[in-house]
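> Here is my input, please return the structure:
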Amino acid sequence: MPVPVASENRGDERGALLDYLEAQRGGIRRALHGLTDEQARSRPTVSAFSLAGILKHVAVGERGALATMRGEPFDFETRVKGWEDSLAVRDDETVEELLDLYERVARETEETVRALPSLDDTFEAPKMPWDEGGPRSWRWGLLHQIEETARHAGHADIIRETIDGKGAFDLVFATGALPEPDWSSFR
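A predicted model of the protein is given here:
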């Protein structure tokens with residue numbers, strides 16, 4: 001893991017889960033560091049994803065998951081259309097705007113989770129082609145969001161390395177997320 005996640009304050013499970021989610025979001029944001037909009041939109045691998053597309057996709061996905069967890073109406077066709085649209089960045093969308101959207105979604109998630117009486121509270125997961133749906137705890141929902149974000153952070157790492165060879169640790173140090181260690185002390 002490129003950035004350590006601090007140990008939770010004793011008994012602050014929701015804080016620990018939110019910190020892990022934020023660590024994965026940071027990996028996606030860092031993958032865009034120092035790139036032009038053109039580079040961020042490029043698709044240098046066989047994947048349909050660009051870095052800007054991943055950013056948009058995770059923002060739309062997290063917002064959709066939060067809506068489901070809040071019990072907002074769920075229409076499968078509308079949600080699928082939103083997921084499909086999230087993979088492509090429109091000409092009028094900039095990386096800066098998508099980063100701002102992702103920040104707003106992250107803030108909304110944190111505020112909602114912090115306001116919950118308990119992570120044991122449940123929501124109804126909709127039936128999907130790959131899952132029967134049913135009641136799920138908010139804990140489960142947050143863990144699932146961490147999983148989804150981490151998968152896409154890994155995609156972002158590969159795409160960024162393909163663009164200019166910069167790996168996750170390079171970007172952690174370049175963005176100041178961590179100071180570069182004295183590697184000689186580990187030999």
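> Please list the outside residues in contact with the least confident helix or strand in the chain by mean pLDDT.
Every helix and strand of the chain was ranked by mean pLDDT, DSSP states H and E. The lowest is helix 76-86, at a mean of 84. With contacts defined as CB atoms under 8 Å, 6 or more residues apart in numbering, helix 76-86 is touched by 53, 56-57, 59-61, 64, 126, 128. Where you see a C-beta, it was placed from the backbone N, CA and C, and this is true even at glycine.
> Give the buried residues for that helix.
79, 86 (16 or more other CB atoms under 10 Å).
> Which helix or strand lies directly C-terminal to it?
Note on helix 76-86: by DSSP states H and E, the next helix or strand toward the C-terminus is helix 95-115.
> what helices or strands is that following helix leaning on?
Judged by 3 or more CB pairs under 8 Å, 6 or more residues apart in numbering; DSSP states H and E, helix 95-115 is in contact with helix 13-31, helix 51-69, helix 138-164.
> And the residue nearest the centre of the chain, what's its pLDDT?
Geometric centre of the chain, nearest residue: T149, 3.6 Å, by CA atoms, centre = their mean. Turning to T149, the model gives it a pLDDT of 98.
> Could you do the one 10 residues further on as well?
The model reports I159 with a pLDDT of 97.
> Among the contacts of helix 76-86, show me the least confident.
Within the contacts of helix 76-86, pLDDT is lowest for M128, at 83.
> Pull up the gap between that residue and R90, please.
According to CB to CB, to the nearest Å, M128 and R90 sit 26 Å apart.
> out of the two, which sits in the busier spot?
M128 (11 against 8; other CB atoms under 10 Å).
> Residues in a beta bridge with that one, which ones?
Under DSSP bridges, the beta-bridge partners of M128 are D131.
> returning to that earlier point: please tell me I have it right and the residue nearest to the centre of the chain contacts A59.
No. Under the criterion of CB atoms under 8 Å, T149 is not in contact with A59, lying 10.3 Å apart.
> Tell me where the model's unsure across this protein.
1 (pLDDT under 70).
> Now stretch 152-165: buried residues?
In stretch 152-165, counting by 16+ other CB under 10 Å, buried: 152-153, 155-157, 159-161, 163.
> contact partners of that stretch?
24-25, 27-28, 31-32, 35, 39, 42-45, 47, 49-51, 54, 57-58, 166-168, 171.
> how close does R139 sit to M69?
Counting by CB to CB, the gap from R139 to M69 is 11 Å.
> Between those two, tell me which one has more neighbours.
Set R139 next to M69 and count neighbours by other CB under 10 Å: M69 wins out with 25 against 18.
> so how far is D85 from that one?
With distances taken as CB to CB, M69 is found 21 Å from D85.
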